[in-house]
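# sequence-free structure coming up:
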């Protein structure tokens, strides 16, 4: 029982999630799905649509169908966010005509937290591509993915072996990067939103291989900015029955700003105790995986007392629907195809990955190959996913690029934007992320498995 609780905590700490094949709801004709809706998304035209593409040009591709894989820990987490994003996107894309007339289908690769390698081997045998998924222990599958030359546009990445690995194009931030992607956000919290809070920063981290390494890196980055760390604690992977000792320690050290790496459900419980003892911090970095309606519900009794912030790292927030057409379209598509599904931060990143895949695949026409799709995507030097995110240059490593951030605050009425000094629409851009002096490891490359990009077909 203890080992199972530890596995649950590992999953929850990474907050990446979620079997059977899925096919979007399309009306099919002899030549593929019939176009019934527009294939435009955001400011992108015709990323899905009818056509007469033919040929079994690659594994997972037939005259009428394209099968991709979607990784998830859904069997363990019971969190269907990646499945829902895939369902919504493929249903819409197929109703618009598919990918040049081919129906887009997906297979959930449910890694159940510890079965990453087994599911990767399945994907290597069957899938054309991996799109819009993620697993907490994703580093376990990188070697096999590269060995079978399977590219991926993930919804979320978690471990250093996978972040920025070859044959992968990912957007969004990860605390496991070799730079601190939250540099701009944290500096805004300390210098602008709550001046003086940098004198007493606290960090709470899940005691697991996934999250344990994050704390020391944050400490290094914050100290380099002049902040003072007065509280740095791990909580047990097996779970916390009573958060009172942690709350008392936070209060006794007069912590003013708290960074929390772990399950947002645990954070809600900690905040209940802090609020119950009438201790209010200046701010809490709840992290972006708390950007969901469940956290707002769980933390309802504390939201008026505690300032919970999340940095969406350049992903457009849902409350920007009146200004960002792509967000409005996502909301409408979810309402149409999965009205009961929650739109979470990982789901938004997954949807952007699906948009990238569809645009890149459609541009290949009849000659649909892995190399064509991957090469098309790598040529996007200002990728916005149709308007879902701040521009990202997919031709260069993400760690070498300036970053954008955008801040949301949890309120009793849901997550809402705050005034964080936006410079580019709903984002604040041009931040140079802090690069860690302490080595954090390196992602896996094709060379590590004896291959090169020239082998991709």
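Looks like it came in fine. Keep in mind that what you see is a predicted model, and the values were worked out from it rather than measured.
# next, count neighbours for residue 316.
The local packing of residue 316 (other Cβ atoms under 10 Å) involves 26 other residues. Where C-beta positions appear, they are placed from N, C-alpha and C, glycine not excepted.
# OK, contacts around it?
The contact partners of residue 316, by Cβ atoms under 8 Å, 6 or more residues apart in numbering, come to 324, 326-327, 348, 387-389, 406, 426.
# just these now: which is nearest residue 149?
Set against residue 149, the nearest of those by Cβ to Cβ is residue 389 (27.3 Å).
# what about that closest one, neighbour count?
Close neighbours of residue 389, defined as other Cβ under 10 Å, add up to 25.
# so it makes contact with residue 314?
Yes: under the criterion of Cβ atoms under 8 Å, residue 389 makes contact with residue 314 at 5.3 Å.
# and for the two, which residues touch both?
By Cβ under 8 Å, 6+ apart, residue 389 and residue 314 have these common neighbours: 171-172.
# hang on, the earlier thing: mind putting the contacts of residue 316 into a markdown table with pLDDT?
Shown next, in a markdown table, are these (pLDDT from 0 to 100):
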| residue | pLDDT |
| --- | --- |
| 324 | 97 |
| 326 | 98 |
| 327 | 98 |
| 348 | 96 |
| 387 | 97 |
| 388 | 97 |
| 389 | 96 |
| 406 | 97 |
| 426 | 96 |
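# with adjacent residues omitted, what lies nearest to residue 293?
Spatially, and ignoring its direct neighbours in sequence, residue 293 is nearest to residue 342 (5.6 Å; Cβ to Cβ, 6 or more residues apart in numbering).
# that neighbour and residue 294 touch, don't they?
Yes: assessed by Cβ under 8 Å, residue 342 is found in contact with residue 294 at 7.0 Å.
# so residue 95 versus residue 225, what's the distance?
To residue 225, residue 95 is 49 Å away according to Cβ to Cβ, to the nearest Å.
# for these two, indicate the residue with more neighbours.
More neighbours surround residue 95 than the other of residue 95 and residue 225, with 22 against 15 (other Cβ under 10 Å).
# check what pLDDT the more buried one gets.
For residue 95, the pLDDT comes out at 97.
# ok, back up a step: can you report how many residues neighbour the residue nearest to residue 293?
Using other Cβ under 10 Å, residue 342 is surrounded by 14 other residues.
# other SSEs contacting the helix or strand encompassing residue 82?
Using DSSP states H and E, the element containing residue 82 is helix 81-95. When contacts are defined as 3 or more Cβ pairs under 8 Å, 6 or more residues apart in numbering; DSSP states H and E, helix 81-95 packs onto strand 21-23, strand 65-72, strand 103-110, helix 325-337, helix 345-362.
# who does the last one touch, helix- and strand-wise?
This points to helix 345-362. Of the remaining helices and strands, those touching helix 345-362 by 3+ Cβ pairs under 8 Å, 6+ apart are helix 81-95, strand 130-131, strand 152-153, helix 370-378.
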